[in-house]
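**Q** Fold the following, please.
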Amino acid sequence: NAVDQFFCEIPQILKLSCSESYLREVGLSVVSALVLLGCFAFILFSYVQIFRAVLRMPSEQGRHKAFSTCLPHLAVVSLFLSTVVFAHLKPFSISSPSLDLVVAVLYSVVPPTLNPIIYSMRNKEIRHALSKVLRYALFQLP
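**A** This is a model prediction of the structure:
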């Protein structure tokens, strides 16, 4: 038996077991959903507290700086959580090894790759350079 992934994931390992794994899959889905909801609730609570503190700041410039720090982090966390939710909470009936591999790459490679780009978008020079690269790549314009 072989696991058709670039790292071992629990659903793929369950498929290799010789026993009936339906109850294990349901249990894994329930536990995954509870852990994910707990993490999401904690993150949401933390951001509510951060936004409350930021909105109490007297300085408009201070609020802007605080929001410009928080929003990129929120974008990266949202990207990661949305791909993880799709990967682990999708119905097993639509599961295929190739789709599982693509989704695993999405949540393990894409957020860490985009993380520096998202955080560096606060820099005007980097935004300008990225727009030039995208213009050239998409429209072949100098």
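**Q** what helix or strand does residue 65 sit in?
**A** helix 60-89 (DSSP states H and E).
**Q** Check which residues of that helix are buried.
**A** Residues of helix 60-89 classed as buried: 66, 72, 75, 76, 79, 80, 81, 83, 84, 87, 88 (neighbour count, 16 or more other Cβ atoms under 10 Å). From N, CA and C alone the C-beta is placed, and that goes for glycine too.
**Q** got it, and stretch 126-133?
**A** Quick answer for stretch 126-133: no buried residues (16+ other Cβ under 10 Å).
**Q** Show me how far that stretch is from its chain's centre.
**A** 24 Å (Cα atoms, centre = their mean, to the nearest Å).
**Q** Tell me, how many residues neighbour residue 90?
**A** 15 (other Cβ atoms under 10 Å).
**Q** and it, how far is that from residue 33?
**A** Separation of residue 90 from residue 33 (Cβ to Cβ, to the nearest Å): 12 Å.
**Q** Low-confidence ranges, this structure, go.
**A** 1-15, 17-21, 91-95, 141-142 (pLDDT under 70).
**Q** In it, mark out all the helices, start to finish.
**A** 10-16, 22-55, 60-89, 97-120, 124-139 (DSSP state H).
**Q** rewinding a little: which helices and strands does the helix holding residue 65 pack with?
**A** Applying 3 or more Cβ pairs under 8 Å, 6 or more residues apart in numbering; DSSP states H and E, we find helix 60-89 packed against helix 22-55, helix 97-120.
**Q** Turn the ones you listed into JSON lines, columns for mean neighbour count and distance to residue 135.
**A** Output for the helices and strands packed on helix 60-89, formatted as JSON lines (neighbours: other Cβ atoms under 10 Å; distance: least, Cβ to Cβ, whole Å):
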{"stretch": "helix 22-55", "mean neighbour count": "12", "distance to residue 135": "34"}
{"stretch": "helix 97-120", "mean neighbour count": "14", "distance to residue 135": "16"}
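**Q** Name the nearest residue to the residue most central in space within the chain, sequence neighbours excluded.
**A** In the chain, the C-alpha nearest the mean C-alpha coordinate belongs to residue 80, at 0.6 Å (Cα atoms, centre = their mean). Nearest non-adjacent residue to residue 80, counting by Cβ to Cβ, 6 or more residues apart in numbering: residue 111, 4.2 Å away.
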